[in-house]
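Chemist: Coordinates only, no sequence provided:
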């Protein structure tokens, strides 16, 4: 995660909640202002009670006023994608030019998640002081690649994103997952595997890692996650979460 847009004195605090690990950003006026506009757009589209999470924020270093933002809204209220997009465009009408808006909606029992991604050019920026939750992803995971497919995410977590392994997943129950990777020409980094998957656990005691060499060029890696925080997958997978957990 690049933190280049923060001054040294503005380094954020961090917290873990039910959906992942987040930097609590209070001193970045650009991010704060944009999140405030998004919040007002949500209110205009009928969502008064919600939580906004920012998954990626980018500021162009060579073109002043050019930003990219990727985020997620959690709410218990029904939220229309079209209504949110229309409200967002109206909110930014007097501020600059908004590019194409991509939205994805995910319903999980009583919770609704609306994911969004857009670029924009702002002619003017007002000062904001809103605290913003900015995603801190697992080791090796890039916010720019979100949303991941499950197989691509799991390969990234073990460091095999450039030469993917085949992956078999077994959901023993809602809080236990078993992953078996079959890899060719793969050098295992035990530290990376443990650090990456520990993101989804309370502690290392819930992680089991086993390896078996099947031939001179092949490796079988088994990763078992006990007491898995499956909700941490939601910001990384978006609606692809349903291919792993098709029901609540």
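Modeler: Arrived safely. What you are looking at is a predicted structure, and each value in this text was computed from that prediction instead of being measured.
Chemist: same for the one helix or strand residue 83 maps to, what does it pack against?
Modeler: Using DSSP states H and E, residue 83 maps to helix 81-92. Judged by 3 or more CB pairs under 8 Å, 6 or more residues apart in numbering; DSSP states H and E, helix 81-92 is in contact with helix 29-44, strand 96-98, strand 102-108, strand 111-122. All C-beta atoms are positioned from the backbone trio N, CA, C, and that covers glycine.
Chemist: Mind putting the ones you listed into TSV with distance to residue 207, mean pLDDT and mean neighbour count?
Modeler: As requested, these are exported to TSV (distance: least, CB to CB, whole Å; pLDDT from 0 to 100; neighbours: other CB atoms under 10 Å):
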stretch	distance to residue 207	mean pLDDT	mean neighbour count
helix 29-44	33	94	19
strand 96-98	43	91	15
strand 102-108	25	96	15
strand 111-122	27	95	19
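Chemist: got TSV for those, with distance to residue 179 too?
Modeler: As requested, these are arranged in TSV below (distance: least, CB to CB, whole Å):
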stretch	distance to residue 179
helix 29-44	34
strand 96-98	40
strand 102-108	22
strand 111-122	24
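Chemist: was I right about residue 112 contacting residue 72?
Modeler: No - using CB atoms under 8 Å, residue 112 is not in contact with residue 72; the gap is 10.8 Å.
Chemist: follow-up on the earlier one: of all the helices and strands packed on helix 81-92, which one is nearest residue 161?
Modeler: strand 111-122 (20.6 Å; CB to CB).
Chemist: Walk me through which strands the following helix or strand past the closest one pairs with, and which way each runs.
Modeler: Using DSSP H and E, the helix or strand that follows strand 111-122 towards the C-terminus is strand 132-135. Sheet pairing of strand 132-135 (DSSP bridges) gives strand 20-25 (antiparallel), strand 51-59 (parallel).
Chemist: Now do the same for strand 132-135: mean pLDDT, whole number.
Modeler: Strand 132-135 shows a mean pLDDT of 97.
Chemist: picking up where we left off before, among the helices and strands packed on helix 81-92, which comes closest to residue 205?
Modeler: Of all the helices and strands packed on helix 81-92, the one in closest proximity to residue 205, counting by CB to CB, is strand 102-108 (27.5 Å).
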